[in-house]
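In: sequence below, structure please.
(chains A, B, C, D, E and F)
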6 protein chains.
Amino acid sequence: MSNERYERGERMLSDVDGPAGLAVVDSLSKSFPDFARYLVEFPFGDIYARKALSLREREVATVAALCALGNALPQLRVHVHAALHVGCTPAEVIEVVMQMAVYAGFPAALNGLSVVREVFAEAGIALPLPNNHEEIREGSATGT
Amino acid sequence: MSNERYERGERMLSDVDGPAGLAVVDSLSKSFPDFARYLVEFPFGDIYARKALSLREREVATVAALCALGNALPQLRVHVHAALHVGCTPAEVIEVVMQMAVYAGFPAALNGLSVVREVFAEAGIALPLPNNHEEIREGSATGT
Amino acid sequence: MSNERYERGERMLSDVDGPAGLAVVDSLSKSFPDFARYLVEFPFGDIYARKALSLREREVATVAALCALGNALPQLRVHVHAALHVGCTPAEVIEVVMQMAVYAGFPAALNGLSVVREVFAEAGIALPLPNNHEEIREGSATGT
Amino acid sequence: MSNERYERGERMLSDVDGPAGLAVVDSLSKSFPDFARYLVEFPFGDIYARKALSLREREVATVAALCALGNALPQLRVHVHAALHVGCTPAEVIEVVMQMAVYAGFPAALNGLSVVREVFAEAGIALPLPNNHEEIREGSATGT
Amino acid sequence: MSNERYERGERMLSDVDGPAGLAVVDSLSKSFPDFARYLVEFPFGDIYARKALSLREREVATVAALCALGNALPQLRVHVHAALHVGCTPAEVIEVVMQMAVYAGFPAALNGLSVVREVFAEAGIALPLPNNHEEIREGSATGT
Amino acid sequence: MSNERYERGERMLSDVDGPAGLAVVDSLSKSFPDFARYLVEFPFGDIYARKALSLREREVATVAALCALGNALPQLRVHVHAALHVGCTPAEVIEVVMQMAVYAGFPAALNGLSVVREVFAEAGIALPLPNNHEEIREGSATGT
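Out: You can find the predicted model right below:
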C-alpha cells in the first residue's frame, strides 16, 4: 500500500535535507515505524512534492512557522539545516527568524536565533555574518 | 524623533499591502496613536525594510507564521491580501497555508483556508483554481 | 493514486461523524479539492482507521486536544458532535472539556463549554444535565 | 480548611500515578507548599474524583492535551507514566500521541513520541512494539 | 462541602469585577453548574483571595496573560473591565496590552487593543486618551 | 540613526535588570548585532521607557505573559530576575506565577515555578518562603 507515496517522499526528504533528513526518519522508524512512514508519506510524499512552491520557499515558510510556534525547537533545528541545504543563504535564514519577533514576539525570535547559532556552528558558518549591517531599502514613493 | 523610520515604514507598508495597509494604520491611530506609530516604525520601518529578503519571501514567512499561530486570523487576512499584492500567485498562497497542516495541524490549515477563501472572494479570484490538481515533482534520484 | 486510502477515509469519516462529516469535506472540496482529499486520506484513511484505539477514545483525545489548543473552535464543534455520534455521553463530553481547565486554563475550558452548549442545543440535549451534581469517587485507600 | 478535598485528592493522585505522583507533590511542597496543596485539591480532589469519566479516559484526554500543547513536556512525561498505570496499553498511548499529528502538527507528535520513548525505556517496554504494523479497520459501509 | 471557599470566592469575584463578574457565573451555572462552582472556588476563593498581591496587580498579570495567549478574547474582555474596576487607569490597561507586542507579537497586541476599544466604548471612555503622547522616562545614568 | 532610542533603551535595560540584562544583549550582539540593536531599541527604548506603568508593574505583566506562553522559559528566567531587581518581593513573583495556573493551566505554572526556583537559588532566596501559608483576604461584604 502507498509505496509510490513513500518512495517519492523519501526522495523529497533527501532533496530537502540530504542524508540528515533520512537519518531522522531511520532513527524514528526504529521505535515508531508506522509514524516514521506517515512522516515520509504525508509531509514529504504529498505536500513537499507539490510543484506550486519551490523547496526554497517551502523552507522559508517552515522556518517561519516553527520559530513562531516556539514549542518545536528540535524540528526548527532540522529545518534551519534544510533551508541552507535547499539554497537559502545564511542571511536569509536569519532574516526569517528575526521577522518572527514581529508576529510571535521577541522571545520566539531569540530562541529561534539560538537554534540558528547552533546549526550554523555545526555547518562552519561564522557569526556575525560579514555584512551584518544590512542594507535598508527605502520603499517606493507611493507610500507618501 | 525617529521621523526617518516612520516615513520609511509608511512607504514599506504601502509597498507591502497598498492602500489597505495604510488604512489599517489610519484606523488604529484614531484610537491608539502611539501603538499605530510603533506598528509602522518597527515591523515596517525596521524589519520589512531590510533588503536581505524579498517582500515576496517576507509574505510567505508571515502567512506561514500567522496561519500556524492560529490566533491571529485578522492579521492573516491582511497578509493573505499583502501576499497577493507583492506578487505571490493565488496557488502559492494556498500552498503555504496547506503546508501548515504538517507543522501546526489540520485545524490551523483549515482556518487559514477559510481566511484565504474570504480574501480571494473579495479579490475576485475564483475557487477552485483552474489547475487545482497540482503537478507533483518526483524528487531527484539521490534519495533512493 | 491512493484510492484505497481515500475510500477508507470516507468510510471512517462517516463512522466518526455521520453525514455532517462528509458535508464538511464536500464543502471544502468545492474551494480546495486537494486539501479536502488530504483531509480524508491522512487523518481518517490513515489515523482513525487504526484499530489500536476505539473511535470513542479517539474522540475523547480529539475533544481534549482541540479544547486545550483553544484556537480551533470550529473543529472543536465538529468533534463535540462526533464524540456524541460515536457514543460518548453528554456527561462525558462535558467532563473532558472541564478537565482542560487543569491543563490549559479556565479560559480554554470556558470557551470549550460555549461550543458544547451550542452543539448540545442543536442536538436537543437540555442543559444542565439532570444529574449535574456528579457523584464523587473517593479513591482507593492506597493513597493515604 | 478543605481537608476532605486534600485527602481525596491524595488518594486520587495515588490511584492515577502511584508513588510517582505523590513524589512529584512531595518535591513541589518543599519549595511551594501552597501550590502543591492546590495541585492536589483542584485537579485531583475535584476533577479526577468525578465519576463521569474513567481514569483511563481521563489519561487519554490528558496525554492528548499535553502533547498538543507542546510546551508541557515534563507533565506529559508524568501522564504517559500515569496512562500506563491506570491501564492504557503501550499501543494505546502511542496511538493517542500519533493522532496529535493531525490536530497539532507533526512536531508536536514527534516531541510527544520522544517523551513516550523515554518513559517506556524506564518502564522496560521495548520498542518497536511487537505488532507495530497495526491492523486497519475498514469503516462501515455507510460511508459510501 | 467547601461552602467557605465558595462564599469567599463570590465576594472576591464581586470585588474584582462587580455585578458583571457575578453575572458571568450566574449565566454559566445555568448550563454547567459544577464548573461554575469550580470557577468561583479555585480562581477566586483560592487564588485571588491571597493577600500577597493587590487586586490591581492581579489584573495587570491577568490582562497581560490573556492578551499574550491570544485565544481567550472573551475572558480578556471580562478582565479589561475588571482591571478598570479595581483601579487601573485606562492608560495603564492600554500600556499592558501594548507591552505584549514585545512578548507575544504585534497581532496579539492588536487583537488585545480591539478588545480594549470595545470595553472602553461600553464604559464611556473616549479614545484616544487625552495625553496619548506618553511621557518618556529616560532611565537612570547607571546604564551607560 | 536612532541613537537616542538605543541609548535610552540601554539605560532602561540596566534599570530593569542591571548588569545581567546588558550581558544578555552583549552576548547576543556577538552573533546577531542587528537583532541585539532592535532588542534594545523597541522593547526597552520604546516600550519600557513609557512612564504610564511602573517598572514593577511592567515586570508583573511580563512574568505573567512569559509564564502563560510556556515556550519562553529562558526569557522567563531573565524576567524573574528582573522582577526582583525592580522591587517585586519573592512572594509577589511566586504569586504571579501561581495565578497563571488559572489562565494557562497547571503545567504552565509548574514550569514557571521551576524557573523561579532556579533564579531564587542563584539569588540566595531560600524556599519555602518563611510565611508560606499566605494570609487570605475575605473579600468585601458587597459580594454576598
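
In: the helices in chain A, which residues?
Out: A:3-31, A:33-39, A:55-69, A:73-85, A:90-104, A:106-122 (DSSP state H).

In: so which of these gets nearest B:Gly87?
Out: helix A:55-69 (12.2 Å; C-beta to C-beta). Quick note: C-beta positions are derived from backbone N, CA and C, even for glycine.

In: now that closest one, how far from the chain's geometric center?
Out: Its chain's C-alpha centre and that of helix A:55-69 lie 5 Å apart, by C-alpha atoms, centre = their mean, to the nearest Å.

In: output the below-cut-off pLDDT ranges for chain A.
Out: A:1-2, A:132-134, A:141-144 (pLDDT under 70).

In: what would the helices of chain A look like in a markdown table with distance to E:Ser31 and mean neighbour count?
Out: Formatted as a markdown table, the helices of chain A follow (distance: least, C-beta to C-beta, whole Å; neighbours: other C-beta atoms under 10 Å in any protein chain shown):
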| stretch | distance to E:Ser31 | mean neighbour count |
| --- | --- | --- |
| helix A:3-31 | 44 | 18 |
| helix A:33-39 | 39 | 20 |
| helix A:55-69 | 33 | 27 |
| helix A:73-85 | 40 | 22 |
| helix A:90-104 | 35 | 26 |
| helix A:106-122 | 37 | 21 |
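
In: distance to chain C added to those, as TSV?
Out: Converted to TSV, the helices of chain A look like this (distance: least, C-beta to the nearest C-beta, whole Å):
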stretch	distance to chain C
helix A:3-31	6
helix A:33-39	6
helix A:55-69	11
helix A:73-85	17
helix A:90-104	13
helix A:106-122	16
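
In: out of these, the one nearest E:Leu110 is which?
Out: helix A:90-104 (10.8 Å).

In: that closest one close to chain F?
Out: Yes. Counting by C-beta under 8 Å from any C-beta of the partner chain, contacts between helix A:90-104 and chain F involve A:94, A:98, A:101.

In: which among those residues are in contact with chain B?
Out: Among the residues of helix A:90-104 next to chain F, chain B is touched by A:94, A:98, A:101 when using C-beta under 8 Å from any C-beta.

In: now do the contacts for the residue lying closest to the first one once chain neighbours are set aside.
Out: In other words, A:Ile94. Of all residues not flanking A:Ile94 in the chain, A:Val116 sits nearest, at 6.2 Å (C-beta to C-beta, 6 or more residues apart in numbering or on different chains). Residues near A:Val116 by C-beta atoms under 8 Å, 6 or more residues apart in numbering or on different chains: A:80, A:93-94, A:97.

In: please repeat the previous calculation with a cut-off of 10 Å.
Out: A:63, A:67, A:76-77, A:80, A:83, A:90, A:93-94, A:96-98, A:109, A:125, A:127, F:31-32 (C-beta atoms under 10 Å, 6 or more residues apart in numbering or on different chains).

In: just give me the neighbour total for the residue of chain A found nearest chain C.
Out: Using C-beta to the nearest C-beta, the closest approach of chain A to chain C is made by A:Phe42 at 4.9 Å. Using other C-beta atoms under 10 Å in any protein chain shown, A:Phe42 is surrounded by 23 other residues.

In: can you check A:Glu135 too?
Out: Count around A:Glu135 with other C-beta under 10 Å applied: 9.

In: so it is in contact with B:Arg50, correct?
Out: Yes. Using C-beta atoms under 10 Å, A:Glu135 is in contact with B:Arg50, at 7.6 Å.

In: returning to what we had before: just the closest of the residues of helix A:90-104 next to chain F to chain F, please.
Out: A:Met98 (5.2 Å).

In: which residues does that closest one contact?
Out: Here A:Met98 is in contact with A:67, A:106, A:109-110, A:112-113, A:116, A:134, B:46-47, B:50, B:52-53, F:32, F:34-35, F:38 (C-beta under 10 Å, 6+ apart).

In: switch the cut-off to 6 Å
Out: Counting by C-beta atoms under 6 Å, 6 or more residues apart in numbering or on different chains, A:Met98 touches A:109, F:35.

In: ditto for A:Tyr6
Out: A:40-41.

In: how much space between it and A:Ser114?
Out: A:Tyr6 is 34 Å from A:Ser114, where distance means C-beta to C-beta, to the nearest Å.

In: then A:Val97?
Out: On the measure of C-beta to C-beta, A:Val97 and A:Ser114 end up 10 Å apart.

In: please name the nearest non-neighbouring residue to A:Leu66.
Out: A:Leu76 (4.1 Å).

In: what does chain A put close to chain D?
Out: A:31-33, A:35, A:71-72, A:75 (C-beta under 6 Å from any C-beta of the partner chain).

In: the same query, at a cut-off of 7 Å, please.
Out: A:31-35, A:38-39, A:43, A:66, A:71-72, A:74-75 (C-beta under 7 Å from any C-beta of the partner chain).
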